[in-house]
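Student: just coords:
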Ligand SMILES: O=C(O)CCC(=O)C(=O)O
Ligand SMILES: [Fe+2]
């Protein structure tokens with residue numbers, strides 16, 4: 001897989017690099033930098049070069065990504081994620097989304113990417129479920145299973161490191177609401193961004209935060225931008241606003257996973273940990289090339305009550321009349337917003353996890 005460099009002159013996101021093997025071995029300095037990255041940026045590189053057996057799995061996942069989107073449109077549409085033919089597609093855990101169905105920054109306020117969701121619980125055989133899928137997914141099933149296992153291990157290491165550093169009680173850590181042995185609503189998401197002519201501008205993937213807990217993202221091409229605070233010491237996430245932030249480019253790096261925290265981690269820590277806004281858009285003055293990426297979206301177990309966990313470091317829950325909801329309910333709500341045909345009041349707040357934030361402007 002060739003990794004393309006960032007276009008010249010664009011502002012580059014300065015992100016921490018956390019070594020997966022050092023973190024797994026409990027290296028204290030690694031844990032300290034992990035916590036700092038999760039508080040300040042909500043994004044970091046996970047260096048997986050020490051895990052040699054993972055490289056061929058990642059290569060094969062890129063192959064699956066291309067082969068799946070190379071299928072004829074009418075074949076992909078047989079697996080329409082909004083067909084609601086079974087529980088998995090109703091929960092938006094399985095199937096194909098064509099270009100333009102989501103809210104986005106392309107003419108007419110549509111998105112500019114195809115995506116295909118594969119339910120992890122089907123891949124990992126956690127429930128007695130089968131899921132509808134094209135033959136190419138079967139062909140890559142061993143790869144998907146290896147990928148799922150590797151991400152589960154990386155997530156376990158990240159969650160246990162964070163729980164220990166943030167002094168969560170034993171048995172009530174982040175890892176205890178993200179158990180690999182339980183059928184969580186995790187998806188493996190394949191994405192294909194369509195090339196855009198130079199005169200057609202706009203974000204192909206609208207500014208958003210991820211709704212789940214951790215996203216493990218793989219892309220060999222530029223396009224991803226994150227909203228980073230220009231004040232390097234700023235750690236009060238409740239005070240973060242658009243004025244003091246700049247969009248910066250995430251450099252694709254071989255042998256590294258781009259990991260980001262979703263709203264789930266912000267909510268489970270009462271805002272102590274940061275869920276960062278990000279988007280995919282063409283570089284200024286250049287046309288957007290075709291771009292492939294894939295991600296593992298890890299979410300809390302359905303029954304998890306989405307409120308701050310028991311750490312002496314987390315601020316108290318906001319006094320605003322925040323209703324309590326479970327992880328399963330929150331996921332449904334955010335999908336409803338993304339699929340809306342026109343913008344509804346307060347949609348930006350749900351898309352971005354920030355009250356008062358406006359996506360356009
Ligand atoms: O394709 C990318 O680089 C970003 C994908 C993303 O943000 C998402 O799937 O939530
Ligand atoms: Fe995202």
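Tutor: Received, thanks. The shown structure was predicted, so the numbers you read here are calculated from the model rather than taken from an experiment. Numbers count the residues shown, from 1 in each chain. Ligands and ions are numbered 1, 2, ... in the order given.
Student: And the strands in the stretch 51-200 of the chain?
Tutor: Secondary structure of the stretch 51-200 of the chain by DSSP state E, counting those that start in this stretch: the strands cover 95-97, 103-106, 110, 113-119, 187-193.
Student: Distance from the third one to the middle of the chain?
Tutor: Translated: strand 110. 20 Å (Cα atoms, centre = their mean, to the nearest Å).
Student: Which one, of the strands of the stretch 51-200 of the chain, ends up nearest to ligand 1?
Tutor: strand 187-193 (4.9 Å; Cβ to the nearest ligand atom). Backbone N, C-alpha and C define where each C-beta goes, glycine included.
Student: Relative to the whole chain's centre, how far out is the closest one?
Tutor: Using Cα atoms, centre = their mean, the offset of strand 187-193 from its chain centre is 10 Å.
Student: Then stretch 35-53?
Tutor: 14 Å.
Student: Could you do stretch 87-105 as well?
Tutor: 15 Å.
Student: at contact distance from ligand 1, anything in that stretch?
Tutor: No - using Cβ under 6 Å from any ligand atom, we find that stretch 87-105 stays clear of ligand 1, coming within 10.6 Å at best.
Student: Just the terminal-to-terminal distance for that stretch.
Tutor: From its first residue to its last, stretch 87-105 covers 30 Å (Cα to Cα, to the nearest Å).
Student: same deal with stretch 77-88?
Tutor: 16 Å.
Student: Need the contact partners of that stretch.
Tutor: 89-90, 92, 94-98, 101, 116-117, 119, 122, 129, 131-134, 339 (Cβ atoms under 8 Å, 6 or more residues apart in numbering).
Student: Which of the residues you listed are buried, as a ChimeraX select command?
Tutor: Of the contacts of stretch 77-88, the buried ones go into a single ChimeraX selection, burial set by 16 or more other Cβ atoms under 10 Å:
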select :89,92,94,95,96,97,98,101,116,117,119,122,131,133,134
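Student: Pretty sure residue 317 sits against residue 308.
Tutor: Yes - counting by Cβ atoms under 8 Å, residue 308 is a contact partner of residue 317 at 5.3 Å.
Student: higher neighbour count, these two?
Tutor: Per other Cβ atoms under 10 Å, whichever of residue 317 and residue 308 has more neighbours is residue 308, with 17 against 13.
Student: Helix or strand: which one has the closest residue to that one other than its chain neighbours?
Tutor: Closest residue to residue 308 apart from its sequence neighbours, by Cβ to Cβ, 6 or more residues apart in numbering: residue 270 at 3.5 Å. In the assignment (DSSP states H and E), residue 270 maps to no helix and no strand.
Student: Could you look up the SS state of the residue nearest to the spatial centre of the chain?
Tutor: Closest residue to the average C-alpha location of the chain: residue 215 at 3.4 Å, with Cα atoms, centre = their mean. The three-state label given to residue 215 by DSSP: H, G, I helix; E, B strand; the rest coil is strand.
Student: Give the residue spans of this protein that score low on pLDDT.
Tutor: The chain contains residues with pLDDT under 70 at 230-244, 318-323, 336-361.
Student: cutoff 80 now
Tutor: 103, 107-108, 229-245, 283-285, 317-325, 330, 332-361 (pLDDT under 80).
Student: how about the residues of it near ligand 1?
Tutor: Residues of the chain lying near ligand 1 (Cβ under 6 Å from any ligand atom): 189, 191, 205, 210, 217, 219, 223, 224, 278, 280, 293, 295.
Student: Pull the most distant pair out of the residues you listed.
Tutor: Within the residues of the chain next to ligand 1, 210 and 223 form the most distant pair, 16.1 Å apart (Cβ to Cβ).
Student: distance between the ends of stretch 77-90?
Tutor: Terminal-residue distance, stretch 77-90 (Cα to Cα): 15 Å.
Student: Fine by me, thanks again.
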